[in-house]
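coordinates for the following, if possible.
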Amino acid sequence: MHCNVTNNIASDSGAGFYVIGDVTYLEDIYAHANVAENAGVLFVKGNNTILNDSALWDNNATINGGAAYIEGSNTTIQDSIFVKNNAIPDEKALDQGLGGVLYVDGKDIEVIRTAFNHNTARNGSAIYLATGTTNLRIDNTTIADLEKNQAWVYSLPINYNSSSKKVTIILQGGNNILNAFYNTGDVSSIFLQMKMVHI
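This is a model prediction of the structure:
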């Protein structure tokens, strides 16, 4: 199905699609400027979800999953692009802002030939893997497809002899996997097959 999903606001989850149940297939979706608490565009609670040949751009979640929030097994995302999606919560809500593009909690997640560019979140600027997630596979994606995703930086006081001191720290981010993925489960459950490219 071809579908344009733009400028929608949901007070809860899924400003574009809210699905409870198994077998969800979405293809040729263009989603832009949607806002929800969870899942700026796509909220799915169920198994066997496929998102194919789609572009999700500039969508926002005020809690988790800037573009999508998927709770279920056997999810495939392929031949798609995610640009400038954000999970930006209240700065005091330290357990929110997870997954600038995708918050996922389930088994057997596969991402194929998909790009994540300029997405932001507190943790997992591209993908946040919740505790119950196992078997994430990123396949046929290049490092260039993970361009300038940014996770938040925390500002913490540093005390020395009971007084505060000014400390200068230089942080370098951008084109790296550390900014893109955040895993709260078993590290052995993630498989990355990526190609290094010179730009």
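
make it CA atoms for all contacts and neighbour counts henceforth
OK.

ok, Val104 - contacts?
69-72, 127-130, 133 (C-alpha atoms under 8 Å, 6 or more residues apart in numbering).

which of those residues sit farthest apart?
Gly72 and Ile127 (15.0 Å; C-alpha to C-alpha).

pLDDT averaged over stretch 85-101 - what is it?
Average pLDDT, stretch 85-101: 88.

buried sites along it?
Buried positions in stretch 85-101, judged by neighbour count with 16 or more other C-alpha atoms under 10 Å: 85-89, 96-101.

now, the most widely separated pair of those residues?
Comparing every pair within those by C-alpha to C-alpha identifies Asn85 and Gln96 as the most remote, at 15.2 Å.

now the end-to-end length of stretch 32-49.
End-to-end span of stretch 32-49 (C-alpha to C-alpha, to the nearest Å): 20 Å.

return the distance of it from the chain's centre.
11 Å (C-alpha atoms, centre = their mean, to the nearest Å).

need the mean per-residue confidence for that stretch.
97.

same question, stretch 149-161
55.

do stretch 58-76 as well
On average, stretch 58-76 scores 96.

rewinding a little: neighbour count winner among Gly72 and Ile127?
Neighbours per residue (other C-alpha atoms under 10 Å) separate Gly72 from Ile127, with Ile127 holding more: 25 against 22.

what score does the more buried one have for pLDDT?
pLDDT at Ile127 comes out at 88.

that one and Thr184 touch, don't they?
No - counting by C-alpha atoms under 8 Å, Ile127 stays clear of Thr184, with 11.3 Å between them.
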